[in-house]
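1. Just to be clear, the model below is a prediction. Sequence and coordinates:
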Amino acid sequence: MDFGIGIATSSDSWKLAQRAEELGFTHAWFFDTQMITGDCFVAMAAAALKTSRIRLGTGVLVPSNRIAAVTANAFATLNGLAPGRIDFGIGTGFSARRAMGLGAVKLAEMEEYIRVVYGLLNNETVETPIEGKRRKIRFLNPEIGLINTKDPIPLHISAYGPRSQAAIKLKSCSGRVAWPRCTARSTGSTSATSPSSSFAPSWPAGSAWSASSARSRPSRG
């Protein structure tokens with residue numbers, strides 16, 4: 001059995017991640033709440049340099065906090081620091097957006113965000129709206145080793161409510177969404193692999209991203 005820990009992100013979060021690794025924890029999840037805690041990607045980078053086994057993930061990333069291209073680049077950079085140990089946790093946002101007087105991101109917007117992030121991580125050219133116009137973008141030189149797009153980064157979707165869980169299950173099982181290792185899960189558990197729901201999404205053959213079972217973990221976003 002795997003166990004994860006949720007971390008209120010700070011400049012020295014690596015110490016907690018390091019200690020969690022020593023105690024046998026397998027996953028460390030970093031909050032993405034910019035008005036309350038530190039920056040998750042900065043903290044994950046420090047933890048990547050101070051650990052060797054524990055998996056590091058966003059718990060959970062809020063799509064509106066940064067454009068998809070920046071997120072894909074950040075994950076690919078972290079993947080270079082800790083190859084094969086990075087997880088992409090995402091949700092529609094609660095604390096991070098409520099703290100700025102905003103409601104949750106729409107599920108359709110999160111879906112589009114995931115599509116763009118994983119398209120870029122798969123070294124594809126993706127078309128997406130940027131500053132009011134649809135534009136085609138891709139990583140220009142991943143082969144020179146500045147980022148790592150070779151090791152897979154599993155996707156973890158935080159779905160608190162029954163409507164979001166039902167929507168994710170419908171889209172995944174119907175094949176309408178090509179999400180890599182797509183899982184809908186309950187949150188609030190400290191277990192990294194307590195199944196809540198498991199789906200087998202459609203994903204291109206030969207892709208580095210594959211389907212996996214659901215995993216629940218703390219969520220703050």
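-> Everything's here; your move. Numbers count the residues shown, from 1 in each chain.
2. Regarding the residue nearest to the spatial centre of the chain, what is its secondary structure?
-> For the chain, the residue sitting closest to the mean C-alpha position, by CA atoms, centre = their mean, is F88 at 1.8 Å. The three-state label given to F88 by DSSP: H, G, I helix; E, B strand; the rest coil is strand.
3. How about the contacts made by it?
-> 57-58, 61, 75, 117, 153-156 (CB atoms under 8 Å, 6 or more residues apart in numbering). C-beta here means a position set from N, CA and C on the backbone, and glycine is covered the same way.
4. cool, and E124?
-> Residues counted as contacts of E124 (CB under 8 Å, 6+ apart) are R138.
5. host element of it?
-> In the assignment (DSSP states H and E), E124 maps to no helix and no strand.
6. returning to that earlier point: out of the contacts of F88, which are inside helices?
-> Using DSSP state H, the subset of these located in helices is 75, 117.
7. Would you mind measuring from the residue nearest to the centre of the chain to S52?
-> Relative to S52, F88 is positioned 20 Å away (CB to CB, to the nearest Å).
8. do L120 as well
-> For L120 relative to S52 (CB to CB), the value is 27 Å.
9. With I5 instead?
-> To S52, I5 is 16 Å away according to CB to CB.
10. for E109, same thing?
-> 36 Å.
11. out of these two, which sits in the more crowded spot?
-> Per other CB atoms under 10 Å, whichever of E109 and S52 has more neighbours is E109, with 13 against 10.
12. in the chain, which segments are predicted with low confidence?
-> Along the chain, the model assigns pLDDT under 70 to residues 170-221.
13. all helices for it, in order.
-> Under DSSP H, the chain gives helices at 13-22, 40-50, 68-81, 95-98, 107-121, 162-173.
14. I'd like those laid out as TSV, including distance to P142.
-> As requested, those are arranged in TSV below (distance: least, CB to CB, whole Å):
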stretch	distance to P142
helix 13-22	27
helix 40-50	18
helix 68-81	7
helix 95-98	29
helix 107-121	9
helix 162-173	28
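15. Indicate which one of the ones you listed is closest to I130.
-> Smallest distance to I130 across the helices of the chain (CB to CB): 7.9 Å, for helix 68-81.
16. show me the contacts for the nearest residue to G57 once chain neighbours are set aside.
-> Excluding the flanking residues, the one nearest G57 by CB to CB, 6 or more residues apart in numbering is D87, at 3.1 Å. Going by CB under 8 Å, 6+ apart, D87 touches 27, 29, 55-58, 153-154, 156.
17. same thing but 10 Å
-> 4, 27-29, 44, 55-59, 75, 78, 153-156, 181, 192, 215, 217 (CB atoms under 10 Å, 6 or more residues apart in numbering).
18. Of those, just the buried ones, PyMOL syntax please.
-> Buried members of the contacts of D87, defined by 16 or more other CB atoms under 10 Å, are picked up in PyMOL with:
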select buried, resi 4+27+28+29+44+55+56+57+58+59+75+78+153+154+155+156+181+192+215+217
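19. In strands only, show me the contacts of D87.
-> Judged by DSSP state E, the contacts of D87 include 4, 27-29, 55-58, 155-156 as members of strands.
20. Bridge partners for the closest residue to A20 other than its chain neighbours, pull those for me.
-> Leaving out its chain neighbours, the residue that sits closest to A20 by CB to CB, 6+ apart is I5, at 4.8 Å. Going by DSSP bridges, I5 is paired in beta bridges with A28.
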